[in-house]
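# could you look at this predicted model? Sequence included:
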Amino acid sequence: MRFFFSKIFIIIVCLLSTNTYAQQITGHQEDEKSPPRKKVGLVLGGGGAKGAAEVGVLKVLEEANIPIDYIAGTSIGGVVGALYSIGYNAHFIDSMFRSQNWVFLLGDEVKRVDKTFLFKKSKETYTFNLPFSFKKDETIPNGYVTGQNILNLYTNLTTGYHQVDNFMDLPIPFRCVTTDIVYGNQINLSSGSLPVAMRSTMSIPGVFIPVSRDSMLLIDGGALDNFPVDVVRDMGADIIIGIDLTTGWKTKKELSTLPNMVSQLINIMGERKYHENRYATNLYINPPLKGYGTASFTDSAIDSMITIGENEGRKLWDEIMALKKEIYYDAPYYDTITIKKGERVCQSTFRINNIEIQGIKESDKKWFRNRINIKENSTVTIDQINKAVSIMQGINAFYMVNYYLTDDAPYDLTFVLTPKKYKLLNIGTRIDNVNIASLLLNVSNDNQVSVHNHYSFTARISRNPYINLQYSHGNFYNKRFSIGYTFRYNNFGLYSHSHKLMNFNFISQSFEALYSKTWLNSRIQFGVNADLMGGRDSLYRPHYEYEKVKYKHSINYFGDYLYDALNSDYFPTKGYKAHVRGMLYTRDGATYHKGAPYGSILFSGETAWKIVPSLYLLPKITGRFLFGKNFPMYYQNYVGGIFDANFFPQQFGWETSQYVHLLENYYVSARVNLRYMIKKRLYITALSEFGKTSHKFDDLIHGKYLWGAGLRASYDFFLGPISVQVNYSNLYKNFGFFFNAGFYF
């Protein structure tokens, strides 16, 4: 009997133990009461865009319910690993990869509506912006891209982990592999700002500016350890799963591109450690990514690489399940274990307590606080924070704009601004079949927020050269007082229909003083300018009769309002732009030839309307009215050429005639273009413009009729638009051809 009860007791204990074990291994990741198992480390290698394949593999590992205890990642693997370590699951990271505008993220571009007027002009005029400095303490960028936009994304995704004492305390312990280029050491980041660590590990040398931390400059971790199996082993992993993105050595032909060249160089530097780590994994996964590169960030490539990663994981399903059996010591029911997947979601609203702005003078902080439109003790969205960062970037005065939130709500929000301490040499280039070749050179310190005294020197070398000197005092992003001097040599043909009347050449000098103030996308200016002009003994008047001319001077007053919220100056898809300028012309500051001053009003307005996807209507109106008899020849109305102010400050572009035509005192026109995007950045545009001009305002409706039509093919090249067009206008009364490569200036 005693033996019988002993057997019954043993059976009951076994049954209870089995039931308890089954309860423990289903539904949640193991806790302290779970049966012993081996610790699993996940290694995520570097490879730029190819990191999308890692996401596909992670989806399969989650489906197989493989526990992950430690993560070590390099470059894009560090980015994916960081997100996974704080609770984002593979499906969220998949969606994140697919939904991003990677071209925007991996550049330093700022939305045009958030740029200051000076920044807009610079980006849409100059082909190259070269920093320089004569002082040792003025840092020059040591990379092409600051990585501002990608850092913004990482910061948005890692709320609550902007300052971390130890990455081992993350939901999944994590190490982010970087390289210190100062001392040549591998640095496995284990604390600090998680988004900055993510930005550090992807700092490809020569492309992204290194991240400064203490005495170190951190670059891409792949330079020394692109497959950090050794790192995850040191963290305590017993079983190692490695996802390797390498595709073997590239051929000479493949090395013709910069991304492939940099990738090969990184492979060479980390070759020895890579081979040691490659054969130290328990499960090695190398998705077949031949044909894809570090820069394959197109939507179709991302989609394909995620699928390739997922398919490769499924091919290895038997190996994955065998590894799972090993992880659980071949315990019963190992194949029924369910791991709780990450449930973190990207936080979109925040309760803000205090706001701090670091890196600028106290006198500037008030304007910044008003401009970013985020209030203390209020609820804000992630879009509002991103907008504030974009506005600060749009000033073009900061090397980097970062923000971080404290760990707990209500959050304290801190913006960290790193001012630029260098000057800029700006270079613009353009080739066309009218002016042949043009070069624009500019030197300025307009990108420095730390000083209130700004200067700019500009020289255009072309058939119509000029030199401009300008000094300004004040905040270039808010209000300023400016004085300037311009010397211009005007040399172009004046046409009556297709007949060239004369080669119009004369020298003009202008001195200007003005006050300007900007807010949002508006700018207002008031000022006075003194002009001195002269040249040939005779010039033409509107009806092409000669006028005897000697050197003349005038003192003029002006007021100017500009609103510019187009999302692109050359290829807009939305937004509006409006400009109004009034001028009063005098000989002595009060009269003109002892009579009443002359006056003019210039106006223009344009927008972009989407008709259907890829098809846009681009309407624009322009006009200029002159008031006074025998208006000075230099201030008459002129039209011609592809863009405004190429030949005269008041000259309007007339897209369907490349040559300059003299008009009557009153002029108004309407342009209605139809632009179709054939494929990304490639467009075809149907041009049409209509106008009226007359000597008197009352006769404008019945005045001379102007019209033109044309067809243009354009490519939005990053060094400036390239376009070819054919056109006809009754101004020229002949077919015309125009080719342009480069920004307009």
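Sure thing, it's come through. Numbering: from 1, shown residues only.

# regarding this structure, what is its longest strand?
For the chain, the longest strand by residue count, based on DSSP state E, is strand 499-519.

# can you give the distance from that one to the centre of its chain?
What separates the centre of strand 499-519 from the centre of its chain is 33 Å, taken as Cα atoms, centre = their mean, to the nearest Å.

# next, the buried residues of that strand.
For strand 499-519, the buried set under the neighbour-count rule, 16 or more other Cβ atoms under 10 Å, comprises Phe504, Phe506, Ser508, Gln509, Ser510, Glu512, Leu514, Ser516, Thr518. (Glycine included, C-beta is placed from N, CA and C.)

# could you list the low-confidence segments of this protein?
Residue ranges of the chain with pLDDT under 70: 1-35, 136-143, 256-260, 263, 270, 535-551.

# ok, now which ones touch the spatially most central residue of the chain?
Closest to where the C-alpha atoms of the chain average out (Cα atoms, centre = their mean) is Glu109, at 1.4 Å. Neighbour list for Glu109: Asn149 [criterion: Cβ atoms under 8 Å, 6 or more residues apart in numbering].

# ok, Val151 to Gly394 distance?
Check again: residue 151 is Leu, not Val. 16 Å (Cβ to Cβ, to the nearest Å).

# ok, now Val145?
Distance from Val145 to Gly394, by Cβ to Cβ: 17 Å.

# between these two, who's got more neighbours?
Neighbour totals were compared for Val145 and Gly394, and Gly394 leads with 21 against 17 (other Cβ atoms under 10 Å).

# isn't the more buried one right next to Leu118, touching?
No: applying Cβ atoms under 8 Å as the test, Gly394 and Leu118 come out as separate, 10.2 Å apart.

# so Ile66: helix, strand or coil?
coil (DSSP: H, G, I helix; E, B strand; the rest coil).

# okay, it and Leu706: tell me how far apart.
Distance from Ile66 to Leu706, by Cβ to Cβ: 73 Å.

# dump the residue contacts of the nearest residue to Leu584 once chain neighbours are set aside.
Spatial nearest neighbour of Leu584, excluding adjacent residues (Cβ to Cβ, 6 or more residues apart in numbering): Tyr557 at 4.6 Å. When contacts are counted by Cβ under 8 Å, 6+ apart, Tyr557 is found next to Gly527, Val528, Met583, Leu584, Thr586.

# please check those residues and keep the buried ones.
Among these, the ones that count as buried (16+ other Cβ under 10 Å) are Gly527, Met583, Leu584, Thr586.

# ok, the residues you listed vs Arg624, which is closest?
Using Cβ to Cβ, Met583 comes nearest to Arg624 of the buried ones among the contacts of Tyr557, at 9.9 Å.

# what's the helix or strand for that closest one?
Applying DSSP states H and E as the criterion places Met583 in strand 576-586.

# now do the longest strand of the chain: which elements does it pack against?
Counting contacts by 3 or more Cβ pairs under 8 Å, 6 or more residues apart in numbering; DSSP states H and E, strand 499-519 packs against strand 479-496, strand 522-535, strand 538-540.

# residue ranges for the strands of the stretch 601-745 of the chain, please.
Ranges of strands in the stretch 601-745 of the chain, per DSSP state E, counting those that start in this stretch, are 609-612, 615-627, 638-639, 660-662, 666-679, 682-694, 704-715, 722-729, 734-742.

# mind putting those strands into TSV with mean neighbour count and distance to Tyr570?
Shown next, in TSV, are the strands of the stretch 601-745 of the chain (neighbours: other Cβ atoms under 10 Å; distance: least, Cβ to Cβ, whole Å):
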stretch	mean neighbour count	distance to Tyr570
strand 609-612	10	17
strand 615-627	18	11
strand 638-639	24	20
strand 660-662	22	22
strand 666-679	17	11
strand 682-694	19	10
strand 704-715	17	8
strand 722-729	19	9
strand 734-742	16	11
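
# of all those, which one is nearest Ser496?
strand 660-662 (7.4 Å).

# next one: that closest one to chain centre, how far?
Here strand 660-662 is found 39 Å from its chain centre; the criterion is Cα atoms, centre = their mean.

# one step back: list just the nearest of the contacts of Tyr557 to Val229.
Gly527 (66.8 Å).

# give the contact list for the closest one.
Glu512, Ala513, Leu514, Tyr515, Tyr557, Phe558.

# and for the last one, the neighbour number?
By the measure other Cβ under 10 Å, the count of residues near Phe558 is 18.

# so it touches Gly582, yeah?
Yes: counting by Cβ under 8 Å, Gly582 is a contact partner of Phe558 at 6.7 Å.

# flag every buried residue along stretch 553-560.
Ser554, Ile555, Asn556, Tyr557, Phe558, Asp560.

# look at the residue nearest to the first one when sequence neighbours are not counted and say how many residues are nearby.
Same thing as Ser554. In this structure, Ser554 finds its nearest non-sequential neighbour in Asp531, 5.1 Å apart by Cβ to Cβ, 6+ apart. Asp531 has 20 neighbouring residues, counting by other Cβ under 10 Å.
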